[in-house]
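K.L.:
sequence-free structure coming up:
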Ligand SMILES: *[C@@H]1O[C@H](CO)[C@@H](O)[C@H](O)[C@H]1NC(C)=O
Ligand SMILES: *[C@@H]1O[C@H](CO)[C@@H](O)[C@H](O)[C@H]1NC(C)=O
Ligand SMILES: *[C@@H]1O[C@H](CO)[C@@H](O)[C@H](O)[C@H]1NC(C)=O
Ligand SMILES: *[C@@H]1O[C@H](CO)[C@@H](O)[C@H](O)[C@H]1NC(C)=O
Ligand SMILES: *[C@@H]1O[C@H](CO)[C@@H](O)[C@H](O)[C@H]1NC(C)=O
Ligand SMILES: *[C@@H]1O[C@H](CO)[C@@H](O)[C@H](O)[C@H]1NC(C)=O
């Protein structure tokens with residue numbers, strides 16, 4: 001790795017520091033000024049929080065990267081990460097992407113590695129299909145989501161990794177998804193579309209402080225993984241784009257999603273765990289998940305969807321302080337006969353909703369099977385679903401809660417909810433079938449299957465998940481302009 005670059009950085013840095021000291025002496029400036037200077041300087045020492053810092057660092061241009069938006073950097077990324085992977089057992093490495101437009105095809109991450117996107121760094125996903133490797137279908141799905149065969153690799157992919165950070169100063173990853181949306185709509189794809197970031201069979205993942213735009217399909221897909229922190233993402237896709245889910249924790253344990261802003265054409269967050277007979281066989285639940293301080297705009301989908309693929313089970317999900325604007329539903333359950341699995345111990349509190357079709361929506365007849373091989377006797381168990389402290393305005397339906405006959409959704413608890421229905425409100429505000437539970441202080445008055453039982457709050461756990469106790473380190477990085 002580039003020693004010259006390091007020396008260069010060191011020299012430039014001492015030079016800059018010298019100049020700054022001189023300015024201080026000359027003008028008697030205060031420290032605050034110095035900090036301001038550095039923020040806008042051509043070369044600075046950025047501090048950033050991460051689960052781990054790295055002992056080696058390199059810049060994409062060290063490997064011949066060209067940030068003109070036209071030259072392909074696919075081989076540059078692949079060889080850079082391959083070279084940096086040798087430092088995995090020597091304190092790890094970070095790769096900085098400087099300001100510029102960096103066109104690239106998919107590349108794979110490595111362990112003990114940080115990808116850092118500086119401010120005004122933009123990764124542009126290649127639209128040359130031949131650059132996208134094909135991957136086998138996910139074992140818990142049995143087929144691709146778009147097509148029965150295999151699937152394209154995600155733009156940023158990782159498998160069997162430990163300790164990976166993707167972060168930056170709000171740099172951008174642009175999936176240039178319109179190419180894929182067009183081909184998908186016109187049934188011109190034989191494989192399932194790429195995701196933007198997919199990490200599988202991995203542990204200790206941080207994805208933070210980035211802007212992600214126009215993914216070909218789902219944006220962030222951690223699967224079969226644990227100890228995942230997703231923080232400070234701005235995720236943007238046209239609300240009409242197909243299946244551009246924001247963040248999809250899938251068969252993952254110990255995940256924290258916080259401080260994100262998501263505008264998308266599908267669910268802002270979709271919690272999953274495999275599909276029908278494939279998901280049942282794979283048997284890996286999503287559990288111990290916290291989602292907080294997320295804002296969502298998604299007129300045709302949910303702020304948080306649980307399912308529809310939930311055959312490995314979903315449990316211990318905590319949702320707190322979420323805001324939805326012009327979104328179809330809030331924290332929704334989607335399932336079907338044949339899914340098996342369960343959704344249980346779900347805790348939701350503190351929702352602010354404005355312009356919603358449904359505040360509460362559970363669907364037991366979602367359908368959508370991978371193939372005719374699903375087991376019609378595999379009934380999902382939906383139980384222990386708790387909502388409290390919800391304020392909603394301009395709502396069409398307060399609730400549509402549809403369980404499965406002979407398989408009711410039970411132990412539903414809803415408390416302290418105020419719903420203002422819209423001018424176009426429907427007459428039947430609470431449509432409940434095959435559900436059981438209780439309510440307290442809810443307006444408009446709930447259905448008879450969810451009777452008012454006096455004054456109480458629905459439960460929300462007092463303990464913290466292990467992922468909430470992860471302490472960040474302060475890493476420093478020299479960045480170039
Ligand atoms: C990422 O965002 C957090 C919260 O806003 C902030 O504390 C942190 O310094 C940011 N990191 C970088 C590299 O800007
Ligand atoms: C990495 O750097 C840290 C801090 O400088 C040091 O304590 C640690 O020993 C280094 N690790 C390796 C493997 O060199
Ligand atoms: C990434 O890894 C997967 C699985 O090992 C492999 O199939 C794929 O070709 C790799 N992608 C690249 C760009 O090397
Ligand atoms: C990051 O960039 C997006 C898109 O420009 C912007 O909307 C968002 O406010 C920025 N986030 C921060 C923390 O600066
Ligand atoms: C209320 O919701 C309707 C859609 O149901 C929407 O057209 C209208 O703009 C919303 N009004 C306000 C004040 O947000
Ligand atoms: C209530 O929900 C049931 C089950 O989904 C549906 O069949 C019925 O049409 C709904 N009733 C109204 C008035 O919307």
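P.N.:
Now that the structure is in, tell me what you want to look at. As the structure is a computational prediction, the values presented were derived from the model and not from experiment. Residues are numbered from 1 along each chain as shown. Ligands and ions are numbered 1, 2, ... in the order given.
K.L.:
CA only for contacts and neighbour counts going forward, please
P.N.:
Fine.
K.L.:
close enough to count as contact, residue 258 and residue 291?
P.N.:
Yes: using Cα atoms under 8 Å, residue 258 makes contact with residue 291 at a distance of 5.8 Å.
K.L.:
can you list the residues of this protein near ligand 4?
P.N.:
Applying Cα under 6 Å from any ligand atom, we find that the chain lies next to ligand 4 at 170, 211, 234.
K.L.:
can you lay out the residues you listed as a markdown table showing pLDDT?
P.N.:
Output for these, formatted as a markdown table (pLDDT from 0 to 100):
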| residue | pLDDT |
| --- | --- |
| 170 | 98 |
| 211 | 98 |
| 234 | 98 |
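K.L.:
from those, which land in strands?
P.N.:
Applying DSSP state E to the residues of the chain next to ligand 4, the entries found in strands are 211, 234.
K.L.:
list just the nearest of the residues of the chain next to ligand 4 to ligand 2.
P.N.:
residue 170 (25.8 Å; Cα to the nearest ligand atom).
K.L.:
how about the closest one, nearest residue that isn't a chain neighbour?
P.N.:
For residue 170, ignoring the flanking residues on the chain, the nearest one in space by Cα to Cα, 6 or more residues apart in numbering is residue 210 at 4.1 Å.
K.L.:
then residue 69?
P.N.:
residue 101 (4.5 Å).
K.L.:
same check on residue 442?
P.N.:
residue 417 (4.7 Å).
K.L.:
report the contact partners of that neighbour.
P.N.:
Neighbouring residues of residue 417 by Cα atoms under 8 Å, 6 or more residues apart in numbering: 388, 389, 390, 391, 441, 442, 443.
K.L.:
and those residues, which of them are in helices?
P.N.:
Counting by DSSP state H, no part of these is found in helices.
K.L.:
which PyMOL command selects the buried ones in the residues you listed?
P.N.:
Here is the PyMOL command that selects the buried residues among the contacts of residue 417 (16 or more other Cα atoms under 10 Å):
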select buried, resi 388+389+390+391+441+442
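K.L.:
so where's this protein shaky on pLDDT?
P.N.:
Scanning the chain for pLDDT under 70 picks out 1-43, 425, 480-481.
K.L.:
what ranges does it have for its helices?
P.N.:
3-27, 31-39, 74-84, 178-185, 276-282.
K.L.:
sorry, back to before: between the residues of the chain next to ligand 4, which is closest to ligand 3?
P.N.:
For those, the nearest to ligand 3 is residue 211 (22.4 Å; Cα to the nearest ligand atom).
K.L.:
one step back: which residues does the residue nearest to residue 442 form beta bridges with?
P.N.:
residue 390, residue 442 (DSSP bridges).
K.L.:
measure it to ligand 6 for me?
P.N.:
Distance from residue 417 to ligand 6, counting by Cα to the nearest ligand atom, to the nearest Å: 21 Å.
K.L.:
now residue 92
P.N.:
In terms of Cα to the nearest ligand atom, residue 92 sits 54 Å off from ligand 6.
K.L.:
quick check: that residue touching residue 56?
P.N.:
Yes: with contact defined as Cα under 8 Å, residue 92 counts as touching residue 56 (6.3 Å).
K.L.:
the two: which is more packed in?
P.N.:
Taking neighbours as other Cα atoms under 10 Å, residue 92 and residue 56 compare with residue 92 leading, 23 against 17.
K.L.:
for the more buried one, give me its contacts.
P.N.:
Per Cα under 8 Å, 6+ apart, neighbours of residue 92: 53, 54, 55, 56, 84, 85, 111, 112, 113.
K.L.:
can you get me a residue count around whatever residue of the stretch 151-300 of the chain ends up closest to ligand 4?
P.N.:
Residue of the stretch 151-300 of the chain nearest ligand 4, by Cα to the nearest ligand atom: residue 170 (5.0 Å). Residue 170: 21 surrounding residues under other Cα under 10 Å.
K.L.:
before we move on, what about residue 138?
P.N.:
Neighbours around residue 138, by other Cα under 10 Å: 18.
K.L.:
residues from the stretch 201-350 of the chain in reach of ligand 6?
P.N.:
Counting by Cα under 6 Å from any ligand atom, no residue of the stretch 201-350 of the chain sits close to ligand 6.
K.L.:
buried set for stretch 443-459?
P.N.:
Quick answer for stretch 443-459 (16+ other Cα under 10 Å): 445, 446, 447, 449, 450, 452, 457, 458, 459.
K.L.:
sorry, that was for stretch 421-441
P.N.:
Buried, per 16+ other Cα under 10 Å, within stretch 421-441: 421, 429-441.
K.L.:
which residues sit against that stretch?
P.N.:
Contacts for stretch 421-441 (Cα under 8 Å, 6+ apart): 393-417, 444, 446-447, 449-457.
K.L.:
returning to what we had before: for the residue nearest to residue 69, name its beta-bridge partners.
P.N.:
residue 68, residue 122.
K.L.:
now for it, how many residues are close by?
P.N.:
Around residue 101 there are 21 residues (other Cα under 10 Å).
K.L.:
likewise for residue 46?
P.N.:
16.
K.L.:
next one: residue 52
P.N.:
21.
K.L.:
that one reaches residue 471, doesn't it?
P.N.:
No: contact criterion Cα under 8 Å: residue 52 and residue 471 do not qualify, at 9.6 Å.
K.L.:
near ligand 3, which of the contacts of stretch 421-441 show up?
P.N.:
Within the contacts of stretch 421-441, nothing lies near ligand 3 by Cα under 6 Å from any ligand atom.
K.L.:
circling back to that earlier point, now do the same contact list for the residue of the stretch 151-300 of the chain closest to ligand 4.
P.N.:
Here residue 170 is in contact with 117, 118, 119, 120, 209, 210, 211 (Cα under 8 Å, 6+ apart).
K.L.:
measure residue 446 to ligand 1 for me?
P.N.:
For residue 446, the distance to ligand 1 - Cα to the nearest ligand atom - is 40 Å.
K.L.:
excluding chain neighbours, give the residue nearest to that residue in space.
P.N.:
Residue 446 sits nearest to residue 430 (Cα to Cα, 6+ apart), 5.9 Å away.
K.L.:
against residue 206, how distant is the one you found?
P.N.:
Residue 430 is 40 Å from residue 206, where distance means Cα to Cα, to the nearest Å.
K.L.:
what of residue 182?
P.N.:
When residue 182 is compared with residue 206 (using Cα to Cα), they lie 32 Å apart.
K.L.:
ok, those two, which is more surrounded?
P.N.:
residue 206 (22 against 15).
K.L.:
OK, contacts around the more buried one?
P.N.:
Residue 206 touches 50, 51, 164, 165, 166, 167, 228, 229, 230, 231, counting by Cα under 8 Å, 6+ apart.
K.L.:
turn those into JSON lines, including neighbour count.
P.N.:
Formatted as JSON lines, the contacts of residue 206 follow (neighbours: other Cα atoms under 10 Å):
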{"residue": "50", "neighbour count": "23"}
{"residue": "51", "neighbour count": "17"}
{"residue": "164", "neighbour count": "27"}
{"residue": "165", "neighbour count": "25"}
{"residue": "166", "neighbour count": "22"}
{"residue": "167", "neighbour count": "26"}
{"residue": "228", "neighbour count": "25"}
{"residue": "229", "neighbour count": "22"}
{"residue": "230", "neighbour count": "21"}
{"residue": "231", "neighbour count": "21"}
